[in-house]
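Chemist: Would you be able to build a 3D model of this:
(2 chains)
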Amino acid sequence: MTRAIIDGNEAAASVAYRLNELCSIYPITPSSTMAELADEWAGKGQKNVFGIRPTVVQMQSEGGAAGALHGALQGGAMSTTFTASQGLLLMIPNMYKIAGELTSTVFHVAARSLAAQGLSIFGDHQDVMAVRQTGFALLSSASVQECHDLAAVSQLATLRSRVPFIHFFDGFRTSHELNTLEMLSDDDLRAYVPESLIIEHRDRALSPEHPYIRGTAQNPDTYFQSRETVNPYYDKVPGIVQGAMDEFAELTGRQYHLMEYYGDPDAEAIIIIMGSGAQSAMQAVDHLLADGRKVGVLQVRLYRPLPVDALLDAIPASVTSIAVMDRTKEPGAGGEPLFLDVTSALAEAVSTGRRATLPRVIGGRYGLSSKEFTPGMVIGVFDELAKPSPRPRFTVGINDDVTMLSLDYDELDVESPQTLRAVFFGIGSDGTVGANKNTIKILGSQDGTYAQGYFVYDSKKSGSRTVSHLRFGPQPITAPYLVNAAGFIGVHHWSILERVDVLKMARRGTVVLVNSHYSANEVFAHLPEPMQRRLIELECELWTVDANAVARTAGMGNRTNTVLQTCFFAISKVMERDAAIEAVKQSIRKTYGRRGADVVAKNENAVDAAIAHLHRVEVPEAPVSDKQRIAAVPASAPAFVRDVTAQMLIDNGDTLPVSALPVDGTYPSGTTQYEKRNISDIVAVWDENACIQCGNCAFVCPHAVLRAKYYPETALEGAPEGFQTAELNAAGLPGARYTLQVYAEDCTGCGLCVEACPVKVPSGNNRKAINLALVEDREPTRTNVEFFESIPVNRRSRVDFATVRGVQYLEPLFEFSGACTGCGETPYLKLLSQLFGGRTSIANATGCSSIYGGNLPTTPWSRNKYGRGPAWSNSLFEDNAEFGLGLRLAADLQTELARTRLEQLRPEIGNDDLVDTILTTEQQYESDLSAQRARVDELKTILEGMDGIRAADLRSVCDHLLRRSVWIVGGDGWAYDIGSGGLDHVLASGRNVNVLVLDTEVYSNTGGQASKATPMGAVAKFASAGKETISKDLAMQAISYGNVYVARVAMGADPEQTLKAFREAEAYDGPSLILAYSHCIAHGIDMKKGLDQQYLAVNSGHWPLMRYNPVLRMAGKNPFLLDSPRPRFPLRKYHENELRFRMLKAADPEAAERMLEFGQAQVARRWRDYEEMSVRGADEFATDAKE
Amino acid sequence: MDLTTTYLGLELKHPVVASAGPLSQTLDGVKGLADGGASAVVLYSLFEEQLRAEVARDEALIESHENASPEALDYFPANPITIKSAAYSYLSLLERSASALDVPVIASLNGADLGGWVEFARELADAGASAIELNIYLVPGDTATSGDAVEKRHLEIVSAVTSAVSIPVSVKMSPYFSSPGNMALRLVDAGASGLVLFNRFLQPDVNPETLGMDSAFDLSTTHEGRLPRTWIAALRNHTNASLAGSTGVETADDVIRYLLAGADIVMTTAALVRHGRDYTSELVSGLQSWMLRKEFTSLEQVRGMMALPLVTDADALERGGYVGAIQAAKERYGAL
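Modeler: Coordinates of the predicted model:
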């Protein structure tokens, strides 16, 4: 048997791929990895155990994946899929069909929460519980090894039973946990799953050679009986699965049972549980047994069909009380599903005399959305069971102070002292996680050592905090919860310990390593006082290294991973020191060998330098300074932000009680402004003397950290020293001043502003009017921002909306998001918020924009001083266009209601002029809108003095008398793939919605899978051999309707055209579609050059700029406007700058060359078509009846 | 008339060879050079160091976004990017050129570290190169490395490469050694089968308008041929290794001058860029008419006629040339 260290996803996929012929896939967290691996293996030509290279087909949605799978199964192919959460829900209709037709297949599910009051990508059983009625069997794995083994068991069982299977495991906790496992070889699998079963499966397929019909429509006379025909098949499943488990044991020595009992054979109290939580329960049971408690745990592996006999057999006769734990929530149910199943099985057993007594059964919820489930909690549950009247329904792991359902428990450490536990605090992409994965491989490959790794990330895409939890020991590690008593804690960034309690997981004698630029003598005094105190109390061993300096000196730039990993090996006592260091060096040679001797030498030198610069810090007997941690939010923040948001920001969200949280998922807008993240040491610095005040930098800033205002000289009174100001460079406002304020604490140092700046300072060195510089003292920038905010925002009526120069004065209502540094999407959203934010509702498809737009703790959509701002919501991934249309329809209904009531109340209002103007005024331009806003305000004042239901009615809807702007926002994964049907329908509806597609030409949020927007020749996941088809021309598709406003924009190439398109789209009384080119980290570019790349995209013809404006056609003009010049660069020049294209060149240069040629031809073809359209007459375009 | 010559042991039908440069970056380009009459083609240089930097850049692009988000632990499929794959297009061009051409194709390698040289030299040999030209490039402006170290490095590289491959290896030399002649002979001793005189380094220049640096590519001009010719003349009778003249070839006269000085072949890119690939034939027919006029029947008679006899002091030739040059200048421009 081969040992390996992989995660649950790979463990399951490895078996699924080798036992199937078709993988029908669609990406969804946390299951995407399984599909990616399958695609990768197929790309490399790897064969299944039957000698066939499986086909991997990516579909437009999970619904599509299930449909294709259903077809393939009917065609006789051994087929599988990988999914989770909403994806599984989209498969439900097909699941009924597949099960109804008794078709063998296994779906591998990384079980995940469902979107309810909020979306969550993390693990629980809500998704699998939502399909327990489909007729699929449900088999649960509790560990990485089980993922691997039960993937095989389920495959054999489905072929034998003809009942389709869901094989599931806990999302993230198991799917993403690295652990040591024994791998099944191809020979094992071949021996285990006989080909004869596959032939039987194939024989059941549809074939014109022996045709029959399947999928009939049935009538009342036979449907019911037909439904009952399958019963014998389901009855046999438990026996078949147990049989498969027994055969598996013969093959491998690993014995599994449908219901696995662990504990005292004469237990009085037991817990019944499914999934990884069972391992926590077993650890707790071990602990309690040692205390003499008569307890046990029953792990459910086969949940559907429920093996009642096995369940009853497994519960000792001595049991008097049972807690059934469900990792799901079914609001309004009498109990959660597993609880109800156990209860009914027991009740029936007692009523039939099979069992003498009915134990007391209580039901509890735990672990929703990867909430921790620890042995301490399990003991809390046993303690509850031991009470004379335990709570019949309860929760554990949270503090429910509303319905008082939660149990109390004490955390305790039940782990073996032989297990070394280590926690590392890092920042996303700093190499910490990568180095830890490497450490696990190094240690886990030592004979007799087992390793486990689990990684926690926050939800920001730039500067995110990562916490790595590692365990190593001489026994297999079964601890599916975070490390809570670490022997080693590494703090890889000083800024983390300034903000969060990094010693929460410390215990007596923990070895603590701090990366710091302070010397060993100084460092202690600079630590926050609570940390000093804890180090003293726990008698920790403190070490420090200036990893950044060591890495720099060793020529490794800011990659500190090798240095810090070496320090860990040197002081953690995980291995003998010299051997540990040699192991690191060996791993370096293995990892970097192919990059050349110089790279290896550099890293090896870094190892030696790390040791030389690693110092033990003397811990004094008492704290030596009273420095406090930096507050998560300022004291001036609103109460909710202080009390709730702040707790989430410092990793204390787990302690928030139920009462602290909104009941319906409604959260305050604009909370990113309170979280000063200071993630970059390099920030934008404005040169007021060189600046020409063009507004380009503010326009492209992805994080809205560049704000411009003009103001009279007098406003400068009281300005702090160093506040930057310049004479306003505009006609008509003599004496006015101008400031471009950098919000340095929010700046991510992306450099797009520098790229956008047209000024070149004559003194040379490529200096611009805005530059990046090291920030040494943040205090002055704080004071300057504060003063800047005291200057009034410029009146919208005094701003030229038509120019980039003018737009800089509009307040962004989308700010400081957690998007990637240099994000290509967010500038468009910021622009939208500046132009229309005060009267906009936004429907946002799931994806990057819903994550940086709506992932707690803090969210960027904000409000202006009048309290107005974008109203934002995310429904789902697939339904966003429809959801947005709903917002439009509601707004239209309420506008109509407001107009009707206004007319009805005319006499009481007593101001005909006001009523007439409100009802008849044009609301196209900003001046019209602000005048209407004033009228509505006047109307509101009048209404306040009026009684009656009609007046109340009008009060409730009169805001709709101001034209509401509805925006439907999402990425290309939504618009081109999963939401394509809905988007098409909504565009065809003729309703006034504005669709903004943030087109990165790839699924960015889930990690770079190909979409139908992905260009030919680009390498992406699911297109690892380069995408072979051209991207869909969504613009032309929409243009074909005739009445849809369409624009293709790229602000890096032509910001004025972008601005024009946004304004025209919004003003157009009908559907509008803007396709916005968004450079992205998934393109593999230097993000600083994102705008240059946009320029190349446009000027190579890859992304021609155009607008199609139906208003022009109505006026008898050609509606098709080609806005970019004829391509002047070869496509090659654009491709060369992007890794997604270069990757293909590296892997298959001939294919790359061929695809480039095709791509170039396509550019020419499309340009010809566009040019031809741009000179047509108006009557050559489609019309609509509205005209 | 016999125009054949031997270079690095390769029999060439005449002495005009296309040197490494922009014209040999595509198969069509290489074919064009051969069709234009070149008796051998040196492919453009494979910059191993640059490939290494490109691979490092791409790996950094991948790494810089890894493990930052729970939803996307990475953004690209796991296609390993290796130097070898990055060099694929060069190797593939070499392979296709070697099989498409009936004249020898010489690969040109510009490397950084020893490991890279050897590894790539083997790849180039396997891909069908008739010979390898080593283009040992040291960055101008380096003030840290001693002259001795530079020389040592050259010898090490030549020795490592020549012992790794069985095809002949030449070195495209720099003229900036303290004693280029001595260095040339040591390179031959280290295993080089031939020497190309000289490498022209592309030196960036200051742009007063943009206040930046221009990395312009200039073609060589006729007068630049004097230095290499001097050294060829000096070396010819000291070594049996092949000698190639490679700078300042514009007319047939330049070709002839090189041959008289002792070159086995003459390489040019500049003339072909200026006048087109077919210009090779003009150079060759110019050589032919000159030989006809001077009544030479074979190149053998021409080669090295003006080389420095073994007994002559090279310094005297240099000085003689120098004094002569000053005399000529005086005659032309008056007293200096």
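
Chemist: What is the neighbour count of residue B:150?
Modeler: 18 (other Cβ atoms under 10 Å in any protein chain shown). Backbone N, C-alpha and C define where each C-beta goes, glycine included.

Chemist: Okay, and it sits in which element?
Modeler: Per DSSP states H and E, residue B:150 falls inside helix B:147-164.

Chemist: hmm, who's touching the helix or strand following that helix?
Modeler: As assigned by DSSP H and E, the chain's next helix or strand after helix B:147-164 is strand B:169-173. Residues outside strand B:169-173 that contact it (Cβ atoms under 8 Å, 6 or more residues apart in numbering or on different chains): B:8, B:20, B:106, B:108, B:121, B:131-136, B:154, B:158, B:161-162, B:180, B:183-184, B:187, B:191-199, B:242, B:244, B:246.

Chemist: quick one, strand B:169-173 and helix B:147-164 angle?
Modeler: Interaxial angle of strand B:169-173 relative to helix B:147-164 (axes from the mean of the first three to the mean of the last three Cα atoms, to 10 degrees): 160 degrees.

Chemist: Over to the residue nearest to residue A:52 when sequence neighbours are not counted: give its phi and psi.
Modeler: Distances taken as Cβ to Cβ, 6 or more residues apart in numbering or on different chains put residue A:21 closest to residue A:52, at 5.7 Å, once the chain neighbours are dropped. Dihedral angles of residue A:21 (phi, psi; degrees, to the nearest 10) stand at phi -110, psi -20.

Chemist: Let me know the outermost residue of chain B.
Modeler: Centroid-distance maximum for chain B: residue B:70 at 51.9 Å, with Cα atoms, centre = their mean.

Chemist: In contact with that residue, which residues are there?
Modeler: Applying Cβ under 8 Å, 6+ apart, the residues contacting residue B:70 are A:29, A:30, A:121, A:122, A:172, A:176, A:455, A:456, A:457, A:459.

Chemist: try it again with 7 Å
Modeler: A:121, A:172, A:457 (Cβ atoms under 7 Å, 6 or more residues apart in numbering or on different chains).

Chemist: what about residue A:76, how many residues close to it?
Modeler: 17.

Chemist: That one and chain B: what is the separation?
Modeler: For residue A:76, the distance to chain B equals 30 Å [Cβ to the nearest Cβ, to the nearest Å].

Chemist: Can you tell me the SS state at that residue?
Modeler: What DSSP: H, G, I helix; E, B strand; the rest coil gives for residue A:76 is coil.

Chemist: Need phi/psi at the residue nearest to it when sequence neighbours are not counted.
Modeler: In this structure, residue A:76 finds its nearest non-sequential neighbour in residue A:205, 2.9 Å apart by Cβ to Cβ, 6+ apart. When read as degrees, to the nearest 10, the backbone of residue A:205 gives phi -70, psi 160.

Chemist: quick one: which helix or strand includes the closest residue in space to residue A:814 that isn't next to it in sequence?
Modeler: The shortest distance from residue A:814 to any non-neighbouring residue, by Cβ to Cβ, 6+ apart, is to residue A:833 (4.0 Å). Assessed by DSSP H and E, residue A:833 sits inside helix A:826-836.

Chemist: Now find how far off-centre that helix is within its chain.
Modeler: In terms of Cα atoms, centre = their mean, to the nearest Å, the centre of helix A:826-836 is found 22 Å from the chain centre.

Chemist: same thing with stretch A:111-118?
Modeler: Using Cα atoms, centre = their mean, the offset of stretch A:111-118 from its chain centre is 12 Å.

Chemist: just stretch A:975-993 next, same as before
Modeler: 24 Å.

Chemist: Can you get me the start-to-end distance on that stretch?
Modeler: One end of stretch A:975-993 sits 14 Å from the other (Cα to Cα, to the nearest Å).

Chemist: which parts of that stretch are buried?
Modeler: A:975-980, A:982-984, A:986-987, A:989-993 (16 or more other Cβ atoms under 10 Å in any protein chain shown).

Chemist: residues in contact with that stretch?
Modeler: A:60-61, A:845, A:877-882, A:884-885, A:888, A:966, A:968, A:970, A:995, A:997, A:1011-1013, A:1032, A:1034, A:1038, A:1041, A:1043-1044, A:1069-1071, A:1073, A:1186.
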